[in-house]
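**Student:** got a structure for you, letters missing:
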């Protein structure tokens, strides 16, 4: 597993009322959700980035108000039309 070091001012942790480890986990989840929302990664890849199971990641999408489905209405209509 790769490691990444990012420096933040001390007050960044206080602003979010999180310890550094909690802050890092929140950043991983937030980045994974955003990349999933943008279609950059799959649910499985996002779950790995976030350090959780796929089902836990899908549940986390709710708190960010992100749909677990990566289809826009046009793509969804096309998929449903192709099912016949």
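**Tutor:** That came through, no problem. None of these values were measured; they are calculated from a predicted model.

**Student:** now the residue nearest to residue 30 when sequence neighbours are not counted: how far from residue 31?
**Tutor:** Nearest-residue entry for residue 30: residue 64, 7.7 Å, with adjacent residues in sequence omitted and distances by CB to CB, 6 or more residues apart in numbering. All C-beta atoms are positioned from the backbone trio N, CA, C, and that covers glycine. Per CB to CB, to the nearest Å, residue 64 is found 11 Å from residue 31.

**Student:** same deal with residue 43?
**Tutor:** 14 Å.

**Student:** Have a look at the two and say which one is more surrounded.
**Tutor:** More crowded of residue 43 and residue 31, by other CB atoms under 10 Å: residue 43, with 17 against 14.

**Student:** what sits against that one?
**Tutor:** Applying CB atoms under 8 Å, 6 or more residues apart in numbering to residue 43 gives the contacts 36, 54, 57-58, 68.

**Student:** what do you get for residue 26?
**Tutor:** 16, 18.

**Student:** Which pLDDT does the model give it?
**Tutor:** At residue 26, the model reports a pLDDT of 93.

**Student:** Give me the buried positions along the helix or strand that contains it.
**Tutor:** Residue 26 is part of helix 20-37 when elements are defined by DSSP states H and E. Under the neighbour-count criterion of 16 or more other CB atoms under 10 Å, helix 20-37 has 23-24, 28-29, 32-33, 35-37 buried.

**Student:** Export those as a markdown table, with columns for distance to residue 73.
**Tutor:** Output for those, formatted as a markdown table (distance: CB to CB, whole Å):
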| residue | distance to residue 73 |
| --- | --- |
| 23 | 36 |
| 24 | 36 |
| 28 | 30 |
| 29 | 27 |
| 32 | 24 |
| 33 | 21 |
| 35 | 22 |
| 36 | 18 |
| 37 | 16 |
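
**Student:** Now do the helices in this structure.
**Tutor:** Using DSSP state H, the helices of the chain run over 10-15, 20-37, 43-50, 54-63, 73-82.

**Student:** Could you report the neighbour count for residue 49?
**Tutor:** By other CB under 10 Å, neighbour count at residue 49 equals 17.
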